[in-house]
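> Next one to model:
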Amino acid sequence: MEKNEKRHGKKRKLKKRVKLTIFTLCMLVIASGGLYFIYQYNSGVSLANTTTNEIETGLNDNSTDSIYDPFEGADAEFGEINVLLIGNDARGDEEDSRSDALMIGHYDQDTNKVKLVSLMRDTYVEVPGYGMQRINAAYSFGGPELVRQTIKHNFDVDVQYYAIVNFEGFSKIVDVIAPDGIDVDIPYTMSHGIGMTLEPGKQSLNGEQLLGYVRFRHDIHSDFGRVQRQQEALSKLKEQAMSVKTLFNLPKVLGVVDPYIDTNIDKRTLLTIGKGLMTGDKPEELETLRIPLEGSFDDKRVNVGEVLDINLYKNREALQEFLSTDAQKEEEEAEAQSTETEEDLYYSGSDVEDSQK
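Numbering: from 1, shown residues only. This next block holds a predicted model:
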């Protein structure tokens, strides 16, 4: 009996030691992960070349809300996330305070699909409280919240988050995500207004060069060409971001982005989206849409200048359809089938009544 008790006692002690060892190892892994995140994040902040004051105050603390009305985005539904992306490309001209690039980024958490919508800045819409205006004027009138309201009012599409990106930080983000550059095919010489000369032909552009590529305004296709280049650059940047290497560099990327972006997306959500994209099923290619659609607008000159006078109904329908998730489409199809079944039962019942008469 005593031998058995001693044997059981030794086994209990051994189990306790094993559990303690496993617990200690887990704590070490967690601590190491935390230290790695902090180190990588601080490394990214340092790379951004910000001052101590900028780092301490941060540009990622909803600072825009202190200037404009607080952002009142919709609650997430069906596992979808819509982010209002506003590019700030101030260069000392008359449109400094207006959004130079306006997009909606869409992420489906269930399928890992990513979509990108570009809203042409000269699109002529009704801005709540300001009448008919170019859509990029909404930002100067009321910040991201008024842009959100304008999109909701005209297209019946709402967003949960916003992100205002300083284009000067774009080049640093590119260099972290794609240190070997982004491959593009430049159609003709680009130089005016971008502080460099980009020669035609296939080449790999670093962050500063890619910024010049997407900023170039004197395109033979006017602003349509610039929007196409912006979508191309973001699509290729997304491909680079999906690599395993970028997954480990994600905290560093967040550190680089932080000083150049004003957003209401918390870092936890950013990390969740990033890890979902890179560790889940391989996502499909970035789907893109441009509003207005081809053939759905007229060039007009009005009191606010040159505008794109759009077929609002056609573009609203296209935007809603494009941003619909698989879950939403399945639910809509189920509702439609249910309605058809009820109608069939109603009419078949009516036929029976008529025959009885």
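> Show me the shaky parts of the protein.
Within the chain, the stretches with pLDDT under 70 are 1-66, 76-78, 89-99, 242-257, 274-284, 325-357.
> Quick one: the strands in it, in order.
80-88, 101-108, 113-119, 124-127, 131-134, 161-166, 182-186, 201-205, 261-263, 287-291, 297-302, 305-310 (DSSP state E).
> can I get the ones you listed in CSV with mean neighbour count and distance to K238?
In this view, the C-beta of every residue, glycine as well, is placed from N, C-alpha and C. What follows is the strands of the chain, written out as CSV (neighbours: other Cβ atoms under 10 Å; distance: least, Cβ to Cβ, whole Å):
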stretch, mean neighbour count, distance to K238
strand 80-88, 21, 13
strand 101-108, 22, 10
strand 113-119, 22, 7
strand 124-127, 20, 28
strand 131-134, 16, 28
strand 161-166, 20, 15
strand 182-186, 16, 11
strand 201-205, 13, 16
strand 261-263, 23, 17
strand 287-291, 19, 11
strand 297-302, 12, 28
strand 305-310, 17, 27
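> Make CSV out of those and add distance to A233.
Output for the strands of the chain, formatted as CSV (distance: least, Cβ to Cβ, whole Å):
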stretch, distance to A233
strand 80-88, 11
strand 101-108, 11
strand 113-119, 11
strand 124-127, 26
strand 131-134, 23
strand 161-166, 13
strand 182-186, 7
strand 201-205, 9
strand 261-263, 17
strand 287-291, 11
strand 297-302, 24
strand 305-310, 22
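> Which one of those strands lies nearest to H218?
Among the strands of the chain, the nearest to H218 by Cβ to Cβ is strand 182-186 (13.6 Å).
> Relative to that closest one, what are the paired strands and their orientations?
As defined by DSSP bridges, the strand partners of strand 182-186 come to strand 201-205 (antiparallel).
> from memory D185 sits against L205, does it?
No. D185 is beyond contact range of L205, at 10.8 Å (criterion: Cβ atoms under 8 Å).
> CA atoms only for stretch 308-318, dumped as CSV, please.
C-alpha atoms of stretch 308-318 as CSV (Å, rounded to 0.1, in the frame of the first residue of the first chain):
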residue,chain,number,x,y,z
LEU,A,308,-19.3,64.3,-64.0
ASP,A,309,-23.1,64.4,-64.1
ILE,A,310,-24.0,60.8,-63.3
ASN,A,311,-27.0,58.5,-63.8
LEU,A,312,-27.5,58.1,-60.0
TYR,A,313,-29.8,55.1,-60.1
LYS,A,314,-27.5,53.1,-62.4
ASN,A,315,-24.4,53.8,-60.3
ARG,A,316,-26.2,53.2,-57.0
GLU,A,317,-27.4,49.8,-58.1
ALA,A,318,-24.0,48.9,-59.4
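> List the buried residues for it?
Residues of stretch 308-318 classed as buried: 308-310, 312, 315-316, 318 (neighbour count, 16 or more other Cβ atoms under 10 Å).
> Can you pull out the residues in contact with that stretch?
The contact list for stretch 308-318 (Cβ atoms under 8 Å, 6 or more residues apart in numbering) reads 120, 122-125, 154-156, 289, 291-293, 296-300, 302.
> Nearest to L237, out of the buried residues of stretch 308-318: which one, please.
Among the buried residues of stretch 308-318, and counting by Cβ to Cβ, the member closest to L237 is A318, at 25.0 Å.
> Enumerate every residue touching F224.
Going by Cβ under 8 Å, 6+ apart, F224 touches 120, 290.
> ok, it to N112 distance?
In this view, F224 and N112 are 29 Å apart by Cβ to Cβ, to the nearest Å.
> repeat for S324
Distance from S324 to N112, by Cβ to Cβ: 16 Å.
> hang on, isn't S204 packed against G181?
Yes. Using Cβ under 8 Å, S204 is in contact with G181, at 3.6 Å.
> Provide the partner residues of E126 in its beta bridges.
Under the criterion used (DSSP bridges), E126 bridges to M132.
> which residues does it contact?
By Cβ under 8 Å, 6+ apart, the residues touching E126 are 132-133, 150, 153-154.
> rerun that using 7 Å as the cut-off
By Cβ atoms under 7 Å, 6 or more residues apart in numbering, the contact set of E126 is 132, 153-154.
> just the residues you listed now: which is nearest D69?
The closest of the contacts of E126 to D69 turns out to be H153 (Cβ to Cβ; 14.7 Å).
> Please tell me how far the closest one sits from Q109.
Where Q109 is concerned, H153 sits at a distance of 27 Å (Cβ to Cβ).
> And those two? Which one has more around it.
A side-by-side neighbour count of H153 and Q109, using other Cβ atoms under 10 Å, places Q109 first with 17 against 14.
> quick one: that one and G79 touch, right?
Yes. Applying Cβ atoms under 7 Å, one finds Q109 in contact with G79, separated by 4.0 Å.
> hmm, back to that, which one of the strands of the chain lies nearest to V174?
strand 182-186 (6.6 Å).
> picking that back up, identify the farthest-apart pair in the buried residues of stretch 308-318.
Across the buried residues of stretch 308-318 (Cβ to Cβ), the longest gap, 16.5 Å, separates D309 and A318.
> List the contacts of K238.
114, 286.
> ranges for the helices of the stretch 151-300 of the chain?
Using DSSP state H, counting those that start in this stretch, the helices assigned to the stretch 151-300 of the chain run over residues 167-177, 207-215, 222-241, 244-248, 250-257, 267-279.
> list the helices and strands the first one packs on?
The helices and strands touching helix 167-177, judged by 3 or more Cβ pairs under 7 Å, 6 or more residues apart in numbering; DSSP states H and E, are helix 2-47, helix 207-215, helix 222-241, helix 250-257.
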